[in-house]
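Next input, structure requested:
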Amino acid sequence: MQDLSQFINPQKPPSEDELREAIVKMARTEPAKYMATWRKAMMLSNHWNFWARAYSATPPIGLR
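The predicted structure follows:
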């Protein structure tokens, strides 16, 4: 199964509008694929948030 990363070219990433249009198109034409991709993103979001906080320039309030 392909996911939204297929829309990302690291050399020339899409604009926000282009990415939004691709997501809307997927939601309209392939709702099951859209929901599976959305669920995968939600499951990974805690992981992303953890690493985003871990590598942020400002430490969390409790660690200052």
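
May I ask which helix or strand encompasses the most centrally placed residue in the chain?
In the chain, the residue lying closest to the centroid (C-alpha atoms, centre = their mean) is residue 41, at 6.0 Å. Element membership for residue 41, per DSSP states H and E: helix 31-54.

Show the contacting residues for residue 26.
Going by C-beta atoms under 8 Å, 6 or more residues apart in numbering, residue 26 touches 33-34, 37. Just so you know, the C-beta spots here come from the backbone N, C-alpha and C atoms, and that holds for glycine as well.

Report the buried residues of the helix or strand hosting it.
Secondary structure from DSSP H and E places residue 26 in helix 16-29. Using 16 or more other C-beta atoms under 10 Å as the test for burial, helix 16-29 gives residue 26.

What is the distance between it and the centre of its chain?
13 Å (C-alpha atoms, centre = their mean, to the nearest Å).

could you check the angle helix 31-54 makes with that helix?
Angle, helix 16-29 to helix 31-54, by axes from the mean of the first three to the mean of the last three C-alpha atoms, to 10 degrees: 140 degrees.
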